[in-house]
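Trainee: sequence and predicted model, in that order:
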Amino acid sequence: MASIDTMLGLIDKLESPYITVHQERCVLVRNCHADCLRCAKSCASGCIHYDGEVLSVSPEKCIGCGTCATVCPTCALEAHHPGDAALAAACRTSLAANEGTVYLGCGELLERARGRYDEEKIARAECLGRVDESLLAFCACEGAAEVVLIHGDCEHCSYNSGRACAEMVADTAEKLLQVWKSPMEVRFAHKLPASAKKAADHDTARRALFSEASSVAARAGAVVAEQAVAEVLSEEEEPEISPRYTKVMDDGTLPHFVPDRRERLLDFLAELGEPEDVMIDTRLWGHVIIDTDICVSCQMCATFCPTGALEKFSEEGGTFGVDHRPSDCVKCRSCEVICPAHALEISEEVFAVDLMNGATERYTMRPRAVKHDTPHTIWHMAQTMMNTDQVYER
């Protein structure tokens with residue numbers, strides 16, 4: 001009879017083949033008092049669930065649109081339909097085939113046009129919600145004059161939430177390209193370009209039919225295979241189960257991770273050149289402001305910061321506090337939620353040059369007396385969010 005741990009491990013494996021969930025990066029898994037569920041709110045098929053402990057994706061419902069990965073501030077969800085590298089390669093191929101323009105179309109539209117367009121000229125995403133700012137900045141660095149996002153009938157599409165996400169990303173990219181003085185434009189279109197058309201033939205249509213059948217079979221097979229493993233696995237063949245909890249680091253904080261997409265975006269922007277010395281307001285970065293007069297000096301904001309944008313410091317002589325780097329901030333707002341004194345807020349605007357030079361702002365804190373006759377707020381938080389050596393679900 002399989003052990004409980006084995007069954008838990010199998011349940012964890014039954015996720016969508018299109019999406020990988022990195023539990024240790026999820027704001028809610030790290031801090032159950034956070035209020036971030038952007039992935040579930042954007043999910044068109046209702047396949048994302050949070051049960052109070054772990055984030056899961058129902059494989060039988062997931063369509064692989066990747067919108068959840070785009071809106072997740074910490075990249076706790078990673079899209080594979082296609083992956084970032086494959087999508088960038090397809091955009092590069094499209095750029096070369098179209099002499100300065102990248103065409104990127106949604107799966108619904110391209111399925112209807114299968115066999116009637118040159119696939120090298122149109123990069124494909126299941127939904128335009130899959131497109132993020134780092135991909136558009138990559139296209140700018142490749143020398144694209146414009147990126148055309150071609151959509152289907154979004155108004156009547158069952159999975160139309162991705163369109164709103166795509167528009168938000170395009171708006172952000174437009175601001176960044178302007179500040180970094182890139183001439184590339186991003187626009188939407190509802191039809192394929194005439195230059196991408198090709199004459200259809202019976203062989204092409206037949207190959208398309210077999211290709212589609214193979215894709216559907218692969219998706220179904222991935223789910224069925226995982227379920228079959230759960231049914232036949234014996235005690236002797238138990239899979240390796242990762243530790244259920246991960247300990248805090250030596251400095252008393254949870255492990256940090258700066259999303260790859262954010263690092264790539266900053267690298268691409270640096271490649272475009274120096275930005276204007278202005279403040280920008282986007283969905284991507286925030287500037288943490290701490291009122292040290294009411295701060296209780298608990299440093300819990302740094303403890304739970306997923307990227308290390310807030311970092312504890314301690315110097316000889318007893319000086320201590322928190323450093324903040326806007327370039328690493330992903331505006332997940334977990335620090336706002338965790339602050340017991342409400343001494344912290346996030347400004348929507350950051351200086352573009354600060355993102356490039358990694359500017360750091362220091363907040364020096366003061367020791368605060370704690371009354372021992374009644375439990376302190378921090379004590380309550382510690383009891384509800386962690387025990388002595390176990391912190392969050394992996």
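Mentor: Nice, thanks for sending it over. Quick caveat, the model's predicted, so the values are computed rather than measured.
Trainee: pLDDT below threshold where in the stretch 201-350 of the chain?
Mentor: Residue ranges of the stretch 201-350 of the chain with pLDDT under 70: 201-248, 251.
Trainee: could you pull out the helices for it?
Mentor: 202-232, 260-272, 300-304, 334-338 (DSSP state H, counting those that start in this stretch).
Trainee: how far is the third one from where the chain is centred?
Mentor: By that I understand helix 300-304. Shown here is helix 300-304, whose average C-alpha point lies 20 Å from the average C-alpha point of the whole chain (C-alpha atoms, centre = their mean, to the nearest Å).
Trainee: stretch 252-267 too?
Mentor: When distances are taken as C-alpha atoms, centre = their mean, stretch 252-267 is centred 11 Å away from the chain's centroid.
Trainee: and what of stretch 139-157?
Mentor: On the basis of C-alpha atoms, centre = their mean, the separation between the geometric centre of stretch 139-157 and that of its chain is 20 Å.
Trainee: tell me the buried residues in that stretch?
Mentor: Within stretch 139-157, the residues that qualify as buried by neighbour count (16 or more other C-beta atoms under 10 Å) are 139-141, 144, 146-152, 154, 157. No exception for glycine: its C-beta is placed from N, CA and C like everyone else's.
Trainee: next, the contact list for H324, please.
Mentor: H287, V288, I290, A309, L310, E311, T360, E361, R362, Y363 (C-beta atoms under 8 Å, 6 or more residues apart in numbering).
Trainee: drop anything exposed from those residues.
Mentor: Those of those that meet the buried threshold are H287, V288, I290, A309, L310, E311, Y363, by 16+ other C-beta under 10 Å.
Trainee: show me the two of the residues you listed that sit farthest apart.
Mentor: Spatial extent of these (C-beta to C-beta) is set by the pair H287 and E311 at 15.1 Å.
Trainee: follow-up on the earlier one: which of the buried residues of stretch 139-157 fall within strands?
Mentor: Secondary structure assignment by DSSP state E places E146, V147, V148, L149, I150 of those in strands.
Trainee: list the buried residues for the helix or strand hosting L110?
Mentor: Following DSSP states H and E, the helix or strand that holds L110 is helix 107-112. Along helix 107-112, the positions that meet the burial threshold by neighbour count (16+ other C-beta under 10 Å) are G107, E108, L109, L110.
Trainee: show me which of the ones in strands among the buried residues of stretch 139-157 is closest to I280.
Mentor: Ranking those by separation from I280, with C-beta to C-beta as the measure, puts V147 on top at 19.9 Å.
Trainee: isn't that closest one right up against L104?
Mentor: Yes: shown here, V147 and L104 form a contact pair, counting by C-beta atoms under 8 Å, at 6.6 Å.
Trainee: what is in contact with these two at once?
Mentor: Each of C91 lies in contact with both V147 and L104 under the rule C-beta under 8 Å, 6+ apart.
Trainee: returning to that earlier point: now the buried residues of helix 107-112 in a markdown table, with distance to R262?
Mentor: As requested, those are arranged in a markdown table below (distance: C-beta to C-beta, whole Å):
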| residue | distance to R262 |
| --- | --- |
| G107 | 26 |
| E108 | 29 |
| L109 | 30 |
| L110 | 29 |
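Trainee: and the residues you listed, which is closest to E126?
Mentor: Within these, proximity to E126 (C-beta to C-beta) peaks at G107, which comes in at 4.2 Å.
Trainee: gap between the closest one and I19?
Mentor: 15 Å (C-beta to C-beta, to the nearest Å).
Trainee: repeat that for C305.
Mentor: When distance is defined by C-beta to C-beta, C305 is 24 Å away from I19.
Trainee: do the same with L87
Mentor: Counting by C-beta to C-beta, the gap from L87 to I19 is 14 Å.
Trainee: in this structure P326 contacts D354, no?
Mentor: Yes: between P326 and D354 there is a contact under C-beta under 8 Å: 5.3 Å.
Trainee: circling back to that earlier point, quick one, which of C305 and I19 is more surrounded?
Mentor: When C305 is set against I19 and neighbours are counted by other C-beta atoms under 10 Å, the residue ahead is C305, at 28 against 23.
Trainee: which non-adjacent residue is nearest that one?
Mentor: Excluding its sequence neighbours, the residue lying closest to C305 (C-beta to C-beta, 6 or more residues apart in numbering) is C335, at 6.1 Å.
Trainee: what about that neighbour, how many neighbours?
Mentor: Counted with other C-beta under 10 Å, residues neighbouring C335 total 27.
Trainee: identify the residues contacting it.
Mentor: Residues counted as contacts of C335 (C-beta under 8 Å, 6+ apart) are V288, C301, F304, C305, L310, L344, I346.
Trainee: what's the pLDDT at G83?
Mentor: What the model reports as pLDDT for G83 is 95.
Trainee: next one: it from M356, what distance?
Mentor: Taking C-beta to C-beta as the measure, G83 and M356 are separated by 27 Å.
Trainee: where does pLDDT dip in the stretch 51-200 of the chain?
Mentor: Low-confidence regions of the stretch 51-200 of the chain, defined here as pLDDT under 70, cover residues 199-200.
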